[in-house]
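**Student:** Return a 3D structure for these sequence lines:
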Amino acid sequence: METNEKLHDFVVGSVPTVIYIPDFINDTEQTQILNHVYQAPVSKWKTLKHRRLQNWGGVVHEKGLIAQNLPPWLTRVTQRLYEELGIFPAAPNHVLINEYLPDQGIMPHQDGPAYFPAAAILSLESPVVMNFTPHVKMFENNGTTESEVGSQNTERDALVQSDRPSSFSLLLMPRSLLIFKDLAYSNYLHGIDDKAEQPFNGAVNLNKGIKDSGFDGMLQSPTSAQSATVDTKILHRTTKRVSLTCRLVLKVRKNLIKI
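**Tutor:** Numbers count the residues shown, from 1 in each chain. As a prediction, the model looks like this:
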């Protein structure tokens, strides 16, 4: 799947299938979406250990999506993703809305094969650092693990180390859109640390419009008391973050399936 030409300027990092678009929506649109999120019935929320979430579009089952129609306010988002970005072959039909408190995150994970190999995450209200980690399968060589290769041939092990795919992170600002697809979807885990303070000096999108005067106090560089040899920038999470993860389930079933 090739990247839409108009998205080329938004590709970040060394993995060509990671796209970061700052200010994808405006302040008014953010407020409207948040109002809809918090006007949802209490029963729509599911509380997990490190966050709570809302599920829209139906239940994702191993045999497909037991579909429910998205509400109009979410359809406006998913239809825009489809029409403007050219990432999905149809409008996303499933949306997870996650709410994270300042010290909450999500463990590294993959979204799985039930979805078309792309995800679009709209971030609202507060910044956060998202980390991408290579999947263990990227270190395998014809069924032989990296450690086994090294035990057989030290020189070859050094070569494997030099070509090792590296982890990377992004600083996701409010109203931004993160898209990851293809190799970034299938070969990497993504997650958020359960920490109120998150370093972001290595974020691959630091040149993509992360400055926002309303969050200057949350994004800090080292003080003079800190070691001058450590270039560390810290995000201080002080308010909750809401995210919309929009995905397309290709197999759709209208009726309930007996499991």
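
**Student:** List the buried residues for the helix or strand in which residue 108 is found?
**Tutor:** Residue 108 is part of strand 106-109 when elements are defined by DSSP states H and E. Applying a neighbour-count criterion of 16 or more other C-beta atoms under 10 Å, the buried positions in strand 106-109 are 106, 108. Any C-beta I mention is one placed from the backbone N, CA and C, and that applies to glycine too.

**Student:** Who are the packing partners of that strand?
**Tutor:** Using 3 or more C-beta pairs under 8 Å, 6 or more residues apart in numbering; DSSP states H and E as the contact criterion, the neighbours of strand 106-109 among helices and strands are strand 188-192.

**Student:** Now the host helix or strand of residue 78: buried residues?
**Tutor:** Assigned by DSSP H and E, residue 78 belongs to helix 72-85. When neighbours are counted by 16+ other C-beta under 10 Å, the buried residues of helix 72-85 are found to be 74-75, 77-78, 80-82, 85.

**Student:** now that helix: how far from the chain's centre is it?
**Tutor:** Counting by C-alpha atoms, centre = their mean, to the nearest Å, helix 72-85 is centred 18 Å from the centre of its parent chain.

**Student:** CA atoms of that helix as PDB?
**Tutor:** This file holds the C-alpha atoms of helix 72-85, laid out as PDB (Å, rounded to 0.1, in the frame of the first residue of the first chain):
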ATOM      1  CA  PRO A  72     -23.000  10.600  13.200                       C
ATOM      2  CA  TRP A  73     -20.300  12.500  15.200                       C
ATOM      3  CA  LEU A  74     -17.900   9.600  14.700                       C
ATOM      4  CA  THR A  75     -18.900   9.000  11.100                       C
ATOM      5  CA  ARG A  76     -17.800  12.500  10.300                       C
ATOM      6  CA  VAL A  77     -14.400  11.700  11.600                       C
ATOM      7  CA  THR A  78     -14.000   8.300   9.900                       C
ATOM      8  CA  GLN A  79     -15.400   9.600   6.600                       C
ATOM      9  CA  ARG A  80     -12.900  12.400   6.600                       C
ATOM     10  CA  LEU A  81     -10.100   9.900   7.200                       C
ATOM     11  CA  TYR A  82     -11.200   7.900   4.200                       C
ATOM     12  CA  GLU A  83     -11.800  10.800   1.800                       C
ATOM     13  CA  GLU A  84      -8.900  13.000   2.600                       C
ATOM     14  CA  LEU A  85      -6.000  10.600   3.400                       C
END
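
**Student:** Thanks a lot, catch you later.
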